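# this one's structure only:
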Ligand code: HMG
């Protein structure tokens with residue numbers, strides 16, 4: 001009997017603070033339209049010192065257990081995908097395992113490959129379910145990151161922070177994966193990296209976009225029937241009712257979609273031509289409606305693609321079980337193109353917990369406050385910082401676990417109230 005596999009439950013967490021990007025642009029002496037139209041970003045999540053990768057991952061996991069009736073004992077595998085881990089050896093998943101109260105008979109580990117880390121975890125969880133070794137138990141895959149490039153860098157308006165938790169099981173109620181085909185791409189490139197001695201990422205920004213597009217087209221060609229033999233079928237790509245992309249900034253999803261449309265059609269898309277106008281219309285129908293979380297949170301690295309998915313599962317208006325495509329890109333680089341079917345009734349389940357309410361409950365900070373919070377977060381990541389007192393209480397009441405600093409080289413986590 002064919003085993004079904006997909007997403008049974010999904011929830012996200014985001015810091016309680018955000019910065020308006022038009023205000024950041026003014027402070028940096030940049031035309032606000034560059035950030036809002038050029039990059040497609042409206043707001044950026046600001047992580048306080050208490051909002052580290054562990055606190056955010058626990059936040060998404062707790063929301064998931066609150067919102068869906070999932071028995072903690074049924075979770076047999078916990079994978080945290082992150083590129084902003086808090087330790088060189090101990091995985092984020094071990095703290096998360098404790099704070100979510102999971103069973104000792106639950107395997108736990110962390111996966112890393114820049115923004116691809118959670119997709120790597122999702123694929124491992126999928127294989128675990130398909131192999132039969134899950135034996136009816138479920139996998140909890142959590143993407144969690146704090147994206148930092150540093151104050152006054154070119155990457156600054158593309159920072160962000162957040163987490164997405166997903167239960168992968170043989171009883172998908174939200175999204176069923178199509179597992180008959182695979183499309184991935186790997187190549188060693190220096191487009192974006194973060195040395196062990198740096199809290200901020202280093203990036204060759206424009207080159208990273210070129211690497212992303214190359215990986216997208218190569219992954220698609222491996223996935224699409226006939227594409228590797230030079231006979232890609234445009235109808236195949238058109239069959240997806242929505243196309244979701246890793247979006248370090250919202251405009252990247254537009255660049256990706258247009259590049260893929262041109263590639264599939266085997267033509268160049270020149271501005272101010274009817275073909276270009278049709279491509280923009282296609283983008284506004286199949287991609288743009290699902291970018292709100294990404295444009296109001298910023299880059300969540302491993303979580304970015306799944307933020308688009310969370311938004312689609314609530315906002316998508318479909319007949320039956322439509323097919324959609326998902327593309328994950330991790331710098332360095334690794335990429336994956338996959339497809340799935342939205343389960344009937346998914347939107348009704350997610351509309352009980354509207355994501356806009358979670359976003360609208362946040363508090364806006366000024367550029368000055370954001371800069372101070374960035375500096376405070378860096379200070380908290382030092383041995384002895386526990387003595388500094390309570391962290392900025394940005395997550396209080398929402399997250400329930402906050403990072404309180406380091407004492408005797410051990411990270412301290414405490415309930416937020
Ligand atoms: P930049 O060089 O300062 O910006 O940084 P720009 O000059 O390229 O301008 C950005 C856009 O704004 C352009 O649009 C401009 O035309 C437009 P485009 O031509 O590209 O469509 N613009 C304006 N629009 C309206 N009014 C104006 C105006 N002025 C300019 N007045 C860059 C941009 C993205 C390079 C920078 O923010 C950066 O380095 N970000 C980080 C890297 C990144 O996000 N790369 C994306 C691909 S790699 C990836 O996705 C992986 C990643 O998530 C990491 C991981 O895997 O772990 C990053």
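Perfect, thanks for sending it. Bear in mind the structure is a predicted one, so any value in this text is a computation, not a measurement. Numbers count the residues shown, from 1 in each chain.
# need the contact list for the residue of the stretch 101-250 of the chain found nearest the ligand.
The minimum distance from the stretch 101-250 of the chain to the ligand, using C-beta to the nearest ligand atom, falls at residue 205 (2.5 Å). C-beta coordinates here come from the backbone N, C-alpha and C atoms, glycine included. Applying C-beta atoms under 8 Å, 6 or more residues apart in numbering, we find residue 205 in contact with 154-155.
# pLDDT score for it?
Looking at residue 205, its pLDDT stands at 97.
# Next, give phi and psi for the residue nearest to residue 107 when sequence neighbours are not counted.
Leaving aside its sequence neighbours, residue 107 sits nearest to residue 77 (C-beta to C-beta, 6 or more residues apart in numbering; 5.1 Å). When read as degrees, to the nearest 10, the backbone of residue 77 gives phi -150, psi 130.
# Quick check: residue 77 touching residue 128?
Yes: using C-beta atoms under 8 Å, residue 77 makes contact with residue 128 at a distance of 5.9 Å.
# if I look at those two, which residues touch both of them?
By C-beta under 8 Å, 6+ apart, residue 77 and residue 128 have these common neighbours: 134, 139.
# who's more crowded, those two?
When residue 77 and residue 128 are compared for neighbours, residue 77 comes out ahead with 23 against 20, by other C-beta atoms under 10 Å.
# Please name the residues that touch the more buried one.
Residues near residue 77 by C-beta under 8 Å, 6+ apart: 106-108, 125, 128, 134, 137-140.
# looking at this structure, which helix or strand does the model trust least?
Here the helix or strand of the chain ranked lowest by mean pLDDT, DSSP states H and E is helix 234-238, holding a mean of 88.
# Buried residues in that one, which are they?
For helix 234-238, burial by neighbour count (16 or more other C-beta atoms under 10 Å) applies to 236-237.
# Within range of the ligand, give me the residues from the stretch 201-350 of the chain.
Neighbours of the ligand within the stretch 201-350 of the chain, by C-beta under 6 Å from any ligand atom: 203, 205-206, 208-209, 212, 246, 248-249, 251-252, 299, 301, 329-331.
# switch to 8 Å and redo it
Within the stretch 201-350 of the chain, the positions adjacent to the ligand are 201, 203-206, 208-209, 211-212, 246-249, 251-252, 254-255, 299, 301-302, 304, 329-333 by C-beta under 8 Å from any ligand atom.
# how near is the closest residue to residue 13 other than its chain neighbours to residue 163?
For residue 13, ignoring the flanking residues on the chain, the nearest one in space by C-beta to C-beta, 6+ apart is residue 59 at 3.3 Å. Distance of residue 59 to residue 163, computed by C-beta to C-beta, to the nearest Å: 6 Å.
# Over to residue 95?
13 Å.
# Same question for residue 98.
16 Å.
# what about these two, which has more around it?
Between residue 98 and residue 163, residue 163 has the larger neighbour count (other C-beta under 10 Å), namely 36 against 14.
# Count the neighbours of residue 226 for me.
Neighbour tally, residue 226, other C-beta under 10 Å: 11.
# Kindly report the same for residue 271.
By other C-beta under 10 Å, neighbour count at residue 271 equals 7.
# which secondary structure elements does whichever strand or helix holds residue 125 contact?
With elements taken from DSSP states H and E, the one containing residue 125 is helix 117-131. Using 3 or more C-beta pairs under 8 Å, 6 or more residues apart in numbering; DSSP states H and E as the contact test, the elements touching helix 117-131 are strand 75-81, strand 107-111, strand 138-147, strand 160-169, strand 175-186, helix 304-315, strand 323-330, strand 334-342.
# how about a cut-off of 6 Å?
Applying 3 or more C-beta pairs under 6 Å, 6 or more residues apart in numbering; DSSP states H and E, one finds that helix 117-131 makes contact with strand 75-81, strand 107-111, strand 138-147.
# and it, which residues are buried?
Those buried within helix 117-131 under the rule 16+ other C-beta under 10 Å are 117-126, 128-130.
# quick one, it and strand 323-330 angle?
130 degrees (axes from the mean of the first three to the mean of the last three C-alpha atoms, to 10 degrees).
# Contact partners for residue 173?
Residues near residue 173 by C-beta atoms under 6 Å, 6 or more residues apart in numbering: 8, 343.
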